[in-house]
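A.B. asks: Just need the structure, nothing else, for what follows:
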Amino acid sequence: MEKNRVYNILRRLTDHTVSSEHRNIIRNWLTSSSNIPEKDAAMREIWLETKAEADDSTNLSLQKTIRKIQHTDHQAIKISLRNRLLRYTAILILPLITGMAAWWLAKSEYAEPEMIECYVPNGKQETIELPDGSFIQVNSGSLLIYPRKFSEKKRAVYLSGEANFKVAKNPHKPFIVSTGPLKVEVLGTKFNIESYPDNERITTTLENGSVKIYKNSEPEKAIIMKPDEQVIYNGQNQTFSINWVEASDCSAWTQGELRFANQPLHEILTTMERKYNVHIKLSPEIKTSDLYTMKFKQHETIEDAMYIFAQLAGNINYKIEGKEILLFKAGKGVTR
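C.D. replies: Residues are numbered from 1 along each chain as shown. Next comes the predicted model:
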């Protein structure tokens, strides 16, 4: 099969202009052993043509995949991409895995092609030890991608969701986290990143050491963070804000706790959904913008957590049916 024909087939697949039936046929052909040189050359060309920033369809693909991850009951899933062709394949199949992750993989420069992808579904957490001795604790509903072996010049990983990083010091090889349109770069420190695709904000909180954070397109405008500083990137208006916080509150989830300080109801409920792997529905009269401060201790069940939530909220009652929870305005006191 000639290269131009292979290119046209793969380009239609990346542009989502083929039917789902034909898409599956093409994917099966792509992962087969036939026409490898032509497929390799075509994927190289598509790789080079890929935009430097993820578009709306890419972000939508990522959100769909994360939702699938969130609603699985399995333990964390790790997938290894063992060779260059499979990395190219990821560009197409990762609406099988994730659109943005595939885009990031395609843009990364690695001497070692083998990548490890760790999916952590709702209700689970996973601790990863990286090749350099760094530790990453990955929160529920999150995706982490990292190479089995780092390159000689840098240590680069990709995050969608939330993770707490304890980075091994290496002044000659910076540690770089790519998440959405941002990069967080460190030499050795401890920090937390929350970057879920269904949230327009990316929140980075520094516990100790020093990090710099910047847009992929504007590395010269990096913000240098200090301990107990929190930098919030607003994806809607593409601006940064800086706050002083108690950094340990932001990483309390690594100890099984949830702490919320003057946070809107919708953020609290979304976090609870991830932690307990439940779906929470609200009656129309409940305002999701109302602010609350509350804390949930380690080992509390969803029943305990909802009882505490209702007591603190004061005017909200609830009903639990399996993994479905309904919230509604309280007419009477909460009963257990």
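A.B. asks: mind listing the helices in the stretch 201-336 of the chain by residue range?
C.D. replies: Ranges of helices within the stretch 201-336 of the chain are 247-250, 265-276, 302-313, based on DSSP state H, counting those that start in this stretch.
A.B. asks: which residues touch D132?
C.D. replies: 150, 155, 168, 170, 173, 175 (Cβ atoms under 8 Å, 6 or more residues apart in numbering). Where you see a C-beta, it was placed from the backbone N, CA and C, and this is true even at glycine.
A.B. asks: Please report which of the residues you listed has the highest neighbour count.
C.D. replies: F175 (24 neighbours; other Cβ atoms under 10 Å).
A.B. asks: residue boundaries of the strands in the stretch 201-336 of the chain?
C.D. replies: With DSSP state E, counting those that start in this stretch as the criterion, the stretch 201-336 of the chain has strands at 201-208, 211-215, 223-225, 229-234, 239-244, 258-264, 279-282, 291-296, 316-321, 324-329.
A.B. asks: Let me know how buried E324 is, in neighbour terms.
C.D. replies: Other residues within reach of E324, judged by other Cβ under 10 Å, total 11.
A.B. asks: Now render the strands of the stretch 201-336 of the chain as CSV, adding mean pLDDT.
C.D. replies: Conversion of those to CSV gives the following (pLDDT from 0 to 100):
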stretch, mean pLDDT
strand 201-208, 93
strand 211-215, 94
strand 223-225, 94
strand 229-234, 94
strand 239-244, 94
strand 258-264, 87
strand 279-282, 92
strand 291-296, 88
strand 316-321, 90
strand 324-329, 91
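A.B. asks: re earlier: so which of the contacts of D132 is the closest to S134?
C.D. replies: Each of the contacts of D132 was checked against S134 using Cβ to Cβ; the closest is A168, at 4.6 Å.
A.B. asks: Which phi and psi values does that closest one adopt?
C.D. replies: Taking degrees, to the nearest 10, you get phi -70, psi 140 for the backbone angles of A168.
A.B. asks: three-state assignment of the closest residue to it other than its chain neighbours?
C.D. replies: Nearest non-adjacent residue to A168, counting by Cβ to Cβ, 6 or more residues apart in numbering: G133, 4.1 Å away. Here G133 is recorded as coil under DSSP: H, G, I helix; E, B strand; the rest coil.
A.B. asks: ok, G133 to F150 distance?
C.D. replies: Between G133 and F150 the distance is 11 Å, computed by Cβ to Cβ, to the nearest Å.
A.B. asks: Mind listing the shared neighbours of those two?
C.D. replies: Counting by Cβ under 8 Å, 6+ apart, no residue touches both G133 and F150.
A.B. asks: Could you count how many residues lie near the residue nearest to A168?
C.D. replies: 11.
A.B. asks: what about it, distance to I268?
C.D. replies: Distance of G133 to I268, computed by Cβ to Cβ: 35 Å.
A.B. asks: May I see the helices of the stretch 201-336 of the chain organised as a markdown table, with mean pLDDT and mean neighbour count added?
C.D. replies: A markdown table is the format used below for the helices of the stretch 201-336 of the chain (pLDDT from 0 to 100; neighbours: other Cβ atoms under 10 Å):
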| stretch | mean pLDDT | mean neighbour count |
| --- | --- | --- |
| helix 247-250 | 88 | 18 |
| helix 265-276 | 90 | 20 |
| helix 302-313 | 89 | 17 |
